[in-house]
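Asks: Mind folding the following:
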Amino acid sequence: MAVDLESVSEATSGAIGAVVSTTILYPLDTCKTKYQAEVRAQGHQRYRLMGKNISDVFLEALSSRQVLSLYQGLGTKNIQSFISQFLYFYGYSYFRRLYLRWSGKNSIGTKANLVVGVAAGACTVIITHPLDTVSSKMQTSAFGKSKGLWQSLKESTWSEAYDGLGISLLLTSNPAIQYTAFDQLKLRLLKEKQREREGSSPSPESLSAFSAFVLGAVAKSIATCLTYPAIRCKVTIQSADTDDDDPKEVRPNSSKTITGALRTIWQKEGILGFYKGLQAQILKTVLSSALLLMIKEKITRSTWVLMLALRRYLLLSRNRLKSG
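Replies: Numbering: from 1, shown residues only. Here you go, the predicted model:
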């Protein structure tokens with residue numbers, strides 16, 4: 001079976017963009033995740049006593065001289081980001097091209113795009129979920145007490161490694177909504193530019209860095225607002241039973257199920273608890289996704305050229321071996 005170089009090119013550029021954006025924004029991601037993971041009775045929540053925002057997490061790291069601990073789990077997160085984004089973009093590009101070939105259409109509609117996105121996301125989640133779980137546990141561990149990747153994996157059972165898989169599969173709708181919105185906005189913008197430049201030059205093949213950043217931010221904001229309650233439940237499930245500071249406050253096992261997490265958040269914080277940390281989530285994910293899509297848009301063409309050069313080199317090498 002021939003390798004789909006266009007899909008590989010899309011996947012590689014997307015994965016590189018994910019690693020760069022993850023590294024740049026990781027301290028914000030750690031603060032956001034630790035804040036979201038707090039599900040306790042009013043008056044006992046560490047990060048709600050001082051002002052109800054994630055800056056309290058950063059102040060805690062600063063006061064305890066553990067600022068570098070904001071980077072705990074970065075290596076694991078980058079591995080997870082690279083693999084998941086490569087698989088997602090490859091699956092998304094491949095399934096999209098497959099649909100266009102099967103349907104005989106020149107473009108893909110919104111509904112079909114959502115289905116393609118969910119299918120690609122589901123395949124990605126099943127493969128990378130253990131890394132996602134370990135990464136969340138490392139981020140929500142007490143500052144300076146995070147365990148390494150291999151130790152965390154060895155100490156986890158298969159059921160623990162796949163904590164929150166159900167809700168993660170549900171959340172495949174998030175990137176599906178995001179990339180569908182991005183593709184539709186991108187298509188409309190390029191068509192608008194084509195009308196403005198009609199008669200002078202052909203339509204641009206790609207967005208400018210600024211346009212890609214803005215469209216990526218808008219698309220991710222839409223997806224995040226629609227799916228945030230599920231995101232909060234996922235963090236709660238994956239970080240359950242990881243409070244190293246006070247063993248007496250270990251969360252009940254029921255919090256490791258979707259219904260248990262929903263009930264815990266509802267009982268302890270009410271309806272607003274499902275949107276706790278929304279501003280931080282939007283800030284982090286919007287910046288991350290906008291950076292990812294901007295980087296992806298700018299390096300896709302270079303990646304494609306490198307892929308073609310690599311294929312040509314491999315073909316020449318194979319022909320030399322055959323002739324030798």
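Asks: If you count contacts, what does the helix or strand harbouring Arg318 end up packed against?
Replies: Here Arg318 sits within helix 278-323, counting by DSSP states H and E. Here helix 278-323 is seen to pack against helix 5-37, helix 209-239 when contacts are counted using 3 or more CB pairs under 8 Å, 6 or more residues apart in numbering; DSSP states H and E. Just so you know, the C-beta spots here come from the backbone N, C-alpha and C atoms, and that holds for glycine as well.
Asks: Quick one: closest of the ones you listed to Tyr94.
Replies: Ranking the helices and strands packed on helix 278-323 by proximity to Tyr94 (CB to CB) places helix 5-37 first, at 4.4 Å.
Asks: Could you give the separation of the closest one from the chain centroid?
Replies: The chain centroid and the centroid of helix 5-37 are separated by 6 Å under CA atoms, centre = their mean, to the nearest Å.
Asks: Equivalent analysis for stretch 183-201, please.
Replies: Centroid displacement of stretch 183-201 relative to its chain, using CA atoms, centre = their mean, is 29 Å.
Asks: One more: stretch 220-237?
Replies: In terms of CA atoms, centre = their mean, the centre of stretch 220-237 is found 11 Å from the chain centre.
Asks: Report the buried residues of that stretch.
Replies: 220-224, 227-237 (16 or more other CB atoms under 10 Å).
Asks: Which one of these is nearest to Ala309?
Replies: Closest to Ala309, out of all of these and judged by CB to CB, is Lys220, at 32.8 Å.
Asks: The closest residue to the closest one other than its chain neighbours: what's it in contact with?
Replies: Leaving aside its chain neighbours, Lys220 sits nearest to Ser289 (3.9 Å; criterion: CB to CB, 6 or more residues apart in numbering). By CB atoms under 8 Å, 6 or more residues apart in numbering, the residues touching Ser289 are Ser21, Gln178, Gly216, Ala217, Ala219, Lys220.
Asks: do Ala37 as well
Replies: So Ala37 contacts Ser136, Thr140, Val235, Thr236, Ser239, Thr242 (CB under 8 Å, 6+ apart).
Asks: Can you check what pLDDT the model gives it?
Replies: pLDDT, Ala37: 75.
Asks: confidence score at Leu185?
Replies: Looking at Leu185, its pLDDT reads 86.
Asks: make that Ile83, sorry
Replies: If you check Ile83, the pLDDT there is 91.
Asks: I'd guessed it sits against Thr128; true?
Replies: Yes. Assessed by CB atoms under 8 Å, Ile83 is found in contact with Thr128 at 5.4 Å.
Asks: So for the two, which sits in the more crowded spot?
Replies: Legend: neighbour count by other CB atoms under 10 Å for Ile83 and Thr128, higher for Thr128 (22 against 16).
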